[in-house]
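S.K.: attaching a predicted model along with its sequence, questions to come.
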Amino acid sequence: MVEGILFEQVEDSRQDWKVKHSISEILMVVMCGVSAGERSIYGIREFARLKEQWLRDVIGLKLPNGLPSYDTVRRVLGMLDPKQFQSVFIRWIEEELDIPVGSYVSLDGKSLRGSGLKEVGIDPLHLLHAYSHELGVVIGQMECSSEKTNEIPIAERLIQILKIKGVIITADAMLCQKEIVKRLQR
């Protein structure tokens, strides 16, 4: 069963007696919906409704109480510890995804449009991500501050966490620092 492998280590802080859906099932539904291009909880829920049999047969979800409701998905996503989820997801990437030797991985930073509010002094969210061209997925990302200079230490940590070997890594000129290149050569 796929869902157990991927999300069984995510901490569930919900009250046991109120839980009808496992956190693994909810997160797998969300991941499948997002992978299919859905960007809202409503879209993810509609995807799950249309693909419920596929989620059961192919993905291996049991869904003994049917699909989780919009409110359940929203609450679970709201209570997740993003750093713990990232750690579990990166571990899954390392164990399950086979990044071919000689393939390309790009490191690049992006500011999320609309995530800041200049009037109140909130800078937009800036992320550094590692993208596998062969697999067509982001294999890891970390938050940076909005200042571009902070991508350098974040890049070093992201490379260390991902433990990618035998791939060609591309990056913009700012990430071509001696420390980063040395870490990549190891």
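M.R.: Thanks, I have it.

S.K.: now do the contacts for the residue in the chain sticking out farthest from the centre.
M.R.: In terms of distance from the mean C-alpha position of the chain, residue 119 ranks first, at 29.8 Å (CA atoms, centre = their mean). Counting by CB atoms under 8 Å, 6 or more residues apart in numbering, residue 119 makes contact with nothing. Just so you know, the C-beta spots here come from the backbone N, C-alpha and C atoms, and that holds for glycine as well.

S.K.: show me where the chain has its helices.
M.R.: Using DSSP state H, the helices found in the chain span residues 2-7, 23-35, 41-50, 52-54, 70-79, 82-96, 151-162, 178-185.

S.K.: could you look over those and pick the most buried one?
M.R.: Ranked by mean neighbour count, the helices of the chain are led by helix 23-35 with a mean of 20 (mean count of other CB atoms under 10 Å).

S.K.: alpha carbons of that helix, as PDB, please.
M.R.: Below are the C-alpha coordinates for helix 23-35, written out as PDB (Å, rounded to 0.1, in the frame of the first residue of the first chain):
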ATOM      1  CA  ILE A  23      -3.800  11.200   8.300                       C
ATOM      2  CA  SER A  24      -2.100   9.000   5.700                       C
ATOM      3  CA  GLU A  25      -5.300   8.700   3.700                       C
ATOM      4  CA  ILE A  26      -6.000  12.400   3.800                       C
ATOM      5  CA  LEU A  27      -2.500  13.400   2.800                       C
ATOM      6  CA  MET A  28      -2.400  10.900   0.000                       C
ATOM      7  CA  VAL A  29      -5.700  12.200  -1.400                       C
ATOM      8  CA  VAL A  30      -4.200  15.700  -1.200                       C
ATOM      9  CA  MET A  31      -0.900  14.700  -2.900                       C
ATOM     10  CA  CYS A  32      -2.800  12.900  -5.700                       C
ATOM     11  CA  GLY A  33      -5.100  15.900  -6.200                       C
ATOM     12  CA  VAL A  34      -2.200  18.400  -6.200                       C
ATOM     13  CA  SER A  35      -0.300  16.200  -8.600                       C
END
